[in-house]
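[1] okay, predicted coordinates and the sequence, questions at the end:
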Amino acid sequence: MSRPIIENVATTSLDTVEPQLAARMRAAMPVAQRWAYFDHAAVAPLSEPARETLVAYAEQAARDGDTVWPTWARRVEEVRSIAAALIQAAADEIAFVKNTTDGITVVAEGFPWQSGDNIVTLANEFPSNQYPWLNLASRGVETRRVEPEEAGEGGVIGRFNLDRVAAACDRRTRMISVSWVGYASGYRLDLDAAARLAHSVGARLFVDAIQGLGVFPLDVSQTPIDYLAADGHKWLLGPEGAGILYVRRERLDELRPIGVGWHSVVQGSDYAKIDLAFKPAAQRFEGGSQNMPGVLALGASLDLLASLSAEFGRDAIARRVVAVADEACRRLTEIGATIASDRSPSHASGIVSFAPRGGNPDTLRRQALQANVALSCRAGRLRVSPHAYNDSRDIERLISALAENAL
């Protein structure tokens, strides 16, 4: 049985946890010049490399038109390889999608369902990881929504109970779909355990990775996820409208492509040849023209994150993010807040949900924004979601903004 959550919060000094990484990253985040930004779980600010890439694209597109297109296309394929390396996948297992919902829809609509099948997910998943599955009801597919352990010991919310999920499965369960990190609770799931459960009942595992990718390392060669999707506008520090879909190679032919277009077929840009011969890669799910500027800008931020991981270690960003979040927890409890997120080492993430001692959460958020402190409200609580570049100065601004407004 877990102890009350505050006892699990680390007490290591924030200044000793990857300070050089934090400084290097902070220099690449213009938002830090004005804001104490604690809202990466909503929409993250662009990194400076991403901003520069978007500006360069706009200038090239205005000045040279599509004469630059081959250069952009080559870079898109480079970004595909960088995105694949992020999760230790192969480039041909990666497709670019508009957003996480788009990636989930590719799987939900393309999977070979039979009437009477079911998919198991959690009742507190983000809407994007529920509606595409619920939309399968007209095809005779049942969506089973399992309640998490809300308000458990110590007031912790959103704990993932594998036994409850297992109890919801039967011989007609074809898919288990979960978030790596809960958007409201911040609960980080053990993906290896989830994969073992899914495969033990003969189901596939789909992972909505948007709240974990960019912070926590993932190796799909070791963690046998079948499908994964994530937009790039949160912890990956890219623009909205550019994300990735991972399809394990042996699952490629399992999905019927939807939204088929010239990107989907082997002959590609040979527009005069019409032959429905799908590419032997996840690119078959990309359909028509891509959001090239979005993918290019996402690639610039991926380069930044990859360079930091190469220099400081694959776990360094995660260590820093968790340390910042833990320090925020410690300071928030000092001013009377109640932490609702599981901060135990195996489940802590960059998301912290908390209840203020007093005051309306929406009002407190608006007042914090006036002090250039960005955070969110989710499920009736305040939520902070720092990245690795946030530091003790930012936390001090957060505490001051909330304390001054009757927390």
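    Nice, I can see it. Numbering: from 1, shown residues only.
[2] residue closest to the middle of this protein?
    When Cα atoms, centre = their mean is applied to the chain, the residue found nearest the centroid is Ile210 (1.2 Å).
[3] I figured that one hits Thr100, correct?
    Yes. Using Cβ atoms under 8 Å, Ile210 is in contact with Thr100, at 5.0 Å. C-betas here are computed from N, CA, C, even on glycine.
[4] joint contacts of the two?
    Both Ile210 and Thr100 are contacted by 229-231, 243, under the criterion Cβ atoms under 8 Å, 6 or more residues apart in numbering.
[5] among these, which two are most distant?
    Spatially, the most separated pair among those is Ala229 and Asp231, at 7.9 Å (Cβ to Cβ).
[6] which neighbours do these two share?
    With Cβ under 8 Å, 6+ apart as the test, Ala229 and Asp231 both reach 97, 100, 210, 243.
[7] Ala42: which of those is nearest?
    Nearest to Ala42 among those, with distances taken as Cβ to Cβ, is Ile210, at 11.0 Å.
[8] paired strands for the longest strand belonging to the chain, with orientation please.
    Secondary structure of the chain per DSSP state E: the longest strand is strand 173-179. The pairing partners recorded for strand 173-179 under DSSP bridges are strand 118-122 (parallel), strand 204-208 (parallel).
[9] let me have these in TSV, extended by mean pLDDT and mean neighbour count.
    As requested, the strands paired with strand 173-179 are exported to TSV (pLDDT from 0 to 100; neighbours: other Cβ atoms under 10 Å):
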stretch	mean pLDDT	mean neighbour count
strand 118-122	97	25
strand 204-208	98	25
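[10] burial measure for Ala300, as a count.
    24 (other Cβ atoms under 10 Å).
[11] contacting residues for the closest residue in space to Arg383 that isn't next to it in sequence?
    In space, and not counting its chain neighbours, Arg383 is closest to Ser376: 4.6 Å by Cβ to Cβ, 6 or more residues apart in numbering. With contact set as Cβ under 8 Å, 6+ apart, Ser376 has these partners: 39, 41-42, 365, 382-385.
[12] of those, select the buried ones using a PyMOL command.
    Buried residues within the contacts of Ser376, by 16 or more other Cβ atoms under 10 Å, are selected in PyMOL with:
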select buried, resi 39+41+365+382+383+384+385
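[13] what would the contacts of Ser376 look like in TSV with distance to Ser128, pLDDT and secondary structure?
    Formatted as TSV, those follow (distance: Cβ to Cβ, whole Å; pLDDT from 0 to 100; DSSP: H, G, I helix; E, B strand; the rest coil):
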residue	distance to Ser128	pLDDT	secondary structure
Asp39	18	98	strand
Ala41	14	98	coil
Ala42	14	98	coil
Arg365	22	96	helix
Leu382	22	97	strand
Arg383	17	98	strand
Val384	22	98	strand
Ser385	17	98	strand
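[14] hey, what's Tyr37 bridged with?
    With DSSP bridges as the rule, Tyr37 is bridged to Ala374.
[15] so what's it up against?
    Taking Cβ under 8 Å, 6+ apart, one finds 31, 45, 374, 386-387, 390, 394 in contact with Tyr37.
[16] what's the answer for Gly182, then?
    Counting by Cβ under 8 Å, 6+ apart, Gly182 has contacts 124-125, 148, 158, 160, 189, 211, 351.
[17] burial count for Glu24?
    Actually, residue 24 is Arg rather than Glu. Neighbours around Arg24, by other Cβ under 10 Å: 17.
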